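Asks: Build me a model:
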Amino acid sequence: SDGVLSALRLVEPGGTVILIGIPHGEIPIPVASLVRRQVQVIGSLIYDHPTGFERTLKLLSREATNPGRILGEPFGLASAQEAMSRAASFAGKSWISFEP
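Replies: Residues are numbered from 1 along each chain as shown. Predicted structure coming up:
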């Protein structure tokens, strides 16, 4: 909830805050401030289950889709800390494989 409140406080007038994920518990929203600054707040579920997964699998089956452009080599679970440390300097997605 601190992240949500920080985003609502720091967004520029006329800006948009997109909330991804569902926080635990209720969050007091500063409605008057948002209205005065004409801030938009949009909720997003990240994915549309189950159709989002079906569309993703269809896209991945096409040769034109190349996830390797954004996915780096996987890190093993023992290297998770290294993956997290390098994530900020990697232009793409770092990921951790749970397979041995």
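
Asks: what's the next secondary structure element after the helix or strand bottoming out on mean pLDDT in the chain?
Replies: Least confident helix or strand of the chain, by mean pLDDT, DSSP states H and E, is helix 51-61 with a mean of 80. Scanning forward in sequence from helix 51-61 by DSSP states H and E, the next helix or strand is strand 75-76.

Asks: OK, contacts around the spatially most central residue of the chain?
Replies: Centroid-nearest residue in the chain, with C-alpha atoms, centre = their mean: residue 20, separated by 6.5 Å. Listed by C-beta atoms under 8 Å, 6 or more residues apart in numbering, the contact set of residue 20 reads 44, 46. C-beta coordinates here come from the backbone N, C-alpha and C atoms, glycine included.

Asks: circling back: the least confident helix or strand of the chain - contacts with which helices or strands?
Replies: Contacting helix 51-61 under the criterion 3 or more C-beta pairs under 8 Å, 6 or more residues apart in numbering; DSSP states H and E is no other helix or strand.

Asks: who's in contact with that helix?
Replies: Outside helix 51-61, the residues that touch it by C-beta under 8 Å, 6+ apart are 47, 65, 67.

Asks: Same check on stretch 1-10?
Replies: 17, 19, 23-25, 27, 29-30, 33-34, 39, 41.

Asks: Now list the buried members of the residues you listed.
Replies: Burial by neighbour count, 16 or more other C-beta atoms under 10 Å: within the contacts of stretch 1-10 this picks out 17, 39.

Asks: Residue 94 - how many residues pack around it?
Replies: Residue 94: 19 surrounding residues under other C-beta atoms under 10 Å.

Asks: Let me see the backbone angles for it.
Replies: Main-chain dihedrals, residue 94, degrees, to the nearest 10: phi -90, psi 140.
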